[in-house]
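Trainee: Could you look at this predicted model? Sequence included:
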Amino acid sequence: MPEQPELTIQGWGPGGSRVATVREGLDGDEGSLELDTDPDLAGALPRAARRHLSRELGWTPRSTPPVRVSEIRIAPSRLPGDVRAAMAALLGEENVATDRESRLRRTGGKSYLDLLRRREGDVSDAPDAVVSPGDTDETAALLALCAERGVVVVPFGGGTSVVGGLSGIDPDDRPAVALDLGRMASVRDLDVPSSLVTVGPGMRGPALEEALARVGLTLGHLPQSWEFATLGGYAATRSAGQASTGIGRFDELVAGLTLATPTGVLELGHPPASAAGPDLLGLALGSEGALGVITELRLRVRPKPRTATYEGWSFRSWAAGLAGLQRLARHDLLPDVVRLSDPDETRANLLMAGGTGARVLRGSLRARGHGQGCLLVVGWEGLPTLVRARRRAAASALREGGAVRVGRKVGESWRRHRFDAPYLRDRLLDSGLLVETLETAATWTALPVVYDAVRSALARSLGRDGRPPLVMSHVSHGYPTGASLYVTVLADRDDDLPIQQWLAAKREATDALLAAGGTLTHHHAVGADHRPWLEREIGPLGVEVLRAVKQRLDPTGICNPGVLLPD
């Protein structure tokens, strides 16, 4: 298929965890319509997309703005004066804050439930103080102090959790502090011959990439939260980046780390490899602050790619697309970036794109029998000769599976706009929509069953007045044995009981995906939202093993007690 005119492919929903506060407009067509009650929404959504949502969901845009920050009331800090004084003596007065702004900025994360509560002015989970240790020793001493004085500690990096990972829920309702990682945010060592970099947990992805680029290296881990999330957060949640199919998830990039706990410090991981018993590094990765605080990371890096090629393909159906990806996986031909959208997400993305380019592409796909097809975005990065060889081999396998190439402009458009979606979410929330995501992973055999089960569960639980929600899915991480499944759902929001509306849907969808053979989570972690189901994935004995580890490292239960382990 010939190259198509310019268009914008960006996706829907939060797609990860990103601070959604910028209010500038996104690409879209101009003009007024009866649905344009909100000028921000009219600028963010092309006319065809607004009509599509209104028709499919029975949704009428309405103004539901958040409470002004100035109107939010926050309870006085409950941190005892003598405890605050002890913290200041340990960390320095400037590194212990109890003022309103500092506490508000570290309240909760970026899940749909977090945003609903913030929009309503509910900051009941605000920390009583914000503390900022500067190294491992200060962190360990602070944790020991908090254990002695009964103060809960919630690590805070970029504040981008989408599963309630920063809720600070404590059954004993003890005072809580947010442990801000911002003072531990530098490159501490760079071993170029060994391809290892040692960094602080508060460093953000862009800052690390900038530092590595000076010596021709890259980490290459780019989740949708990349601009704001921290490296410590990636490790604590076992994050997956957009190129994880090629370079691995974040836990595969961690060669070692330091974990400060209330009872001591653990130095974990010995690169390049060790067979000295079970690998305790795996206990810290994905621990979500429940066992302690990660204070240092040793990461595997690689040469900065000399070339990158992104392009779009189309399959006639979801089943054909899954079979095509399975073929690539079986023959070790998966690209570094893989994103297969189902028909609903493909249609929505093309409507979002707007303009001549999208209309021409839709017409070309219809002419080839792909009018209800699935868009695949793939990308390769590395040495030019290797990229060319890998791309040719993958293209051959894709064509054998019935795919047609739609050109590089589609792939490059997705690449340019891949961090835009969270900004759109705020506009949709302002206009009365429920917008949330969930994700899982399954074997190639189980994946179609999981896909159908999740869609059916969300349709049952969120349908209103005979209209189902808009459920859009994509595969974004491939493995030899299976793939992830990422689901974005849009529905007309229940303005009277919005939290209960989503909790009921989340419960039904999670039960359905687990029963169908999916994992509880692929890369969003457990947090508070998933912990009621953890035992179903790891078993009662597995939960008891984790409890025993926590009891040894955190006997008073001060380390982020609201996440991971079920009640």
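Mentor: In hand now; what should we look at?

Trainee: Only C-alpha atoms from now on, for both contacts and neighbour counts.
Mentor: Fine.

Trainee: How far off centre is the helix or strand where residue 232 lies?
Mentor: Using DSSP states H and E, residue 232 falls within helix 231-237. Centroid separation for helix 231-237 versus its chain: 11 Å, with Cα atoms, centre = their mean, to the nearest Å.

Trainee: And the contacts of the helix or strand just after it?
Mentor: Using DSSP H and E, the helix or strand that follows helix 231-237 in sequence is helix 244-247. Around helix 244-247, the neighbours that count as contacts under Cα atoms under 8 Å, 6 or more residues apart in numbering are 220-221, 250, 334-338, 476-479.

Trainee: Please save the CA atoms from the lengthiest helix in the chain in PDB.
Mentor: Longest helix of the chain, by residue count under DSSP state H: helix 534-553. Only the C-alpha atoms of helix 534-553 are listed here, as PDB (Å, rounded to 0.1, in the frame of the first residue of the first chain):
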ATOM      1  CA  LEU A 534      -3.500 -11.300  44.900                       C
ATOM      2  CA  GLU A 535      -4.200 -14.600  46.600                       C
ATOM      3  CA  ARG A 536      -5.900 -15.900  43.500                       C
ATOM      4  CA  GLU A 537      -2.700 -15.500  41.500                       C
ATOM      5  CA  ILE A 538       0.000 -16.500  44.000                       C
ATOM      6  CA  GLY A 539      -2.000 -18.700  46.300                       C
ATOM      7  CA  PRO A 540      -2.500 -18.600  50.100                       C
ATOM      8  CA  LEU A 541       0.900 -20.000  50.800                       C
ATOM      9  CA  GLY A 542       2.500 -17.400  48.500                       C
ATOM     10  CA  VAL A 543       0.700 -14.600  50.500                       C
ATOM     11  CA  GLU A 544       2.000 -16.100  53.700                       C
ATOM     12  CA  VAL A 545       5.600 -16.100  52.400                       C
ATOM     13  CA  LEU A 546       5.300 -12.400  51.500                       C
ATOM     14  CA  ARG A 547       3.800 -11.700  55.000                       C
ATOM     15  CA  ALA A 548       6.800 -13.500  56.600                       C
ATOM     16  CA  VAL A 549       9.300 -11.400  54.600                       C
ATOM     17  CA  LYS A 550       7.400  -8.200  55.500                       C
ATOM     18  CA  GLN A 551       7.300  -9.200  59.200                       C
ATOM     19  CA  ARG A 552      11.100  -9.700  59.200                       C
ATOM     20  CA  LEU A 553      11.900  -6.500  57.400                       C
END
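
Trainee: Please list the outside residues in contact with that helix.
Mentor: Everything outside helix 534-553 that qualifies as a contact, by Cα under 8 Å, 6+ apart, is 261-264, 290-292, 519-520, 526, 557, 564-566.

Trainee: Going by neighbour count, list what's buried in that helix.
Mentor: 534, 536, 543, 546-547, 550, 553 (16 or more other Cα atoms under 10 Å).

Trainee: which residues in the stretch 101-250 of the chain form strands?
Mentor: Assigned by DSSP state E, counting those that start in this stretch, the strands in the stretch 101-250 of the chain fall at 129-131, 152-156, 176-180, 187-191, 196-199, 217-218.

Trainee: all strands of the stretch 401-550 of the chain, in order?
Mentor: Counting by DSSP E, counting those that start in this stretch, the strands of the stretch 401-550 of the chain are 404-407, 433-443, 470-475, 482-492.

Trainee: Let me know which of the ones you listed is the nearest to residue 71.
Mentor: Of all the strands of the stretch 401-550 of the chain, it is strand 433-443 that lies closest to residue 71, at 23.3 Å by Cα to Cα.
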